[in-house]
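Q: Below are the sequence and a predicted model for it; my questions follow.
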Amino acid sequence: MPTDLSRLCIHSITTKPWPLDVAIDKFSAAGIGGISVWQDAAEAIGFQRARQLLEASPLEVVSYVRGGFFPHHSREARQRALDDNRRLLDEAASLGAPLLVLVCGAEPRQSLTESRHQIQAGIESLIDHAAGCGVKMAIEPLHPMYADTRSAINTLGQANRVAEAIGHEQVGIAVDVYHLWWDDQLEEEIRRCGANDNLYAFHICDWKVPTSDMLLDRGLMGEGCIDVPRIRGWVEDTGFTGLHEVEIFSNAYWASDQDEFLQRILAAYRQHS
């Protein structure tokens, strides 16, 4: 179990009621190692101010969230998605974020196979721009319950196949336990990430039992049925030395006192990660 907070990162969405400037202050004061910044949080206070605050803090900027949503029924919509992603890569660079997390998207009016083809083509078309920005991209496979519109990449095996087909160091994978804990091929596919040296991010939380909302009822580590320490062991066996990113969407926790919630995050990280 982690004994300190140097490898703990918290996504700004986790403490959503706090503006980004407050989150930076609170995370820094708690001795947390890093922050992953969501686009709306940076936009709300302005990118220049966000960059200044991040540079002045001890926090490592781990990633910028989120790009993707490549598949669309029309060519024009696919082009708009690429334009949006180029802008997001620019924003990530402006904040000093080395990684843009990709929620890849899906188009329900076409097959998942076609959506996956469009995802791969979209990512490939961004490689030169991403390299010019100095920002890598991480494909994040999402739970199959999101295969309608949020992502046609639903297993780590699918993400590995896309990343391997692209075959570029600018493109890797984000492993999120909430989306992947159920997969009986998970250990093998994490090893596959390690063999390809493309495991770029590791996200943690828990699946509450019973869960009241498939999107907005994530739990703290140790609060549900995910064996986070076991999966972390598989991840670190690959040689991964990055931060452990707490990413929690929760109406219940967002409605609570955020200072108390932060202390609960720290305790859960130490005891159940």
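A: That came through, no problem.
Q: Which of the three states applies to the residue nearest to Ala97 when sequence neighbours are not counted?
A: Excluding its sequence neighbours, the residue lying closest to Ala97 (Cβ to Cβ, 6 or more residues apart in numbering) is Tyr64, at 3.9 Å. Placement of C-beta: from N, CA and C, glycine included. Secondary structure state of Tyr64, per DSSP: H, G, I helix; E, B strand; the rest coil, is strand.
Q: ok now the helix or strand Gln271 falls within, how far from the chain's centre?
A: Per DSSP states H and E, Gln271 falls inside helix 258-272. Between the centre of helix 258-272 and the centre of its host chain there is 19 Å, according to Cα atoms, centre = their mean, to the nearest Å.
Q: got the contact list for the residue nearest to Ala97?
A: 36-37, 39, 42, 88, 91-92, 95, 97, 99-101, 135 (Cβ atoms under 8 Å, 6 or more residues apart in numbering).
Q: And Ala121, by the same measure?
A: Contacts of Ala121 by Cβ under 8 Å, 6+ apart are Phe70.
Q: Got the phi and psi for it?
A: The phi and psi values for Ala121, taken as degrees, to the nearest 10, are phi -60, psi -40.
Q: How about Ala97?
A: Dihedral angles (degrees, to the nearest 10) for Ala97: phi -90, psi 130.
Q: Check Ala152 too.
A: phi -90, psi 0.
Q: give the contact list for it.
A: Pro71, Cys104, Gly105, Ala106, Leu112, Ser115, Arg116, Ile119.
Q: Out of those residues, which comes closest to Pro17?
A: For the contacts of Ala152, the closest approach to Pro17 (Cβ to Cβ) belongs to Gly105, at 27.6 Å.
Q: isn't the closest one right up against Gly68?
A: Yes: in this structure, Gly105 is within contact of Gly68 by Cβ atoms under 8 Å, at 5.4 Å.
Q: Pull up the overlap in contacts between those two.
A: Ile119, Ser151.
Q: Settle it for me: which of the two has more neighbours?
A: For Gly105 and Gly68, the more surrounded residue by other Cβ atoms under 10 Å is Gly68, and the numbers stand at 27 against 24.
Q: what ranges do the helices span in the stretch 1-150 of the chain?
A: 20-30, 39-45, 47-56, 75-95, 112-133 (DSSP state H, counting those that start in this stretch).
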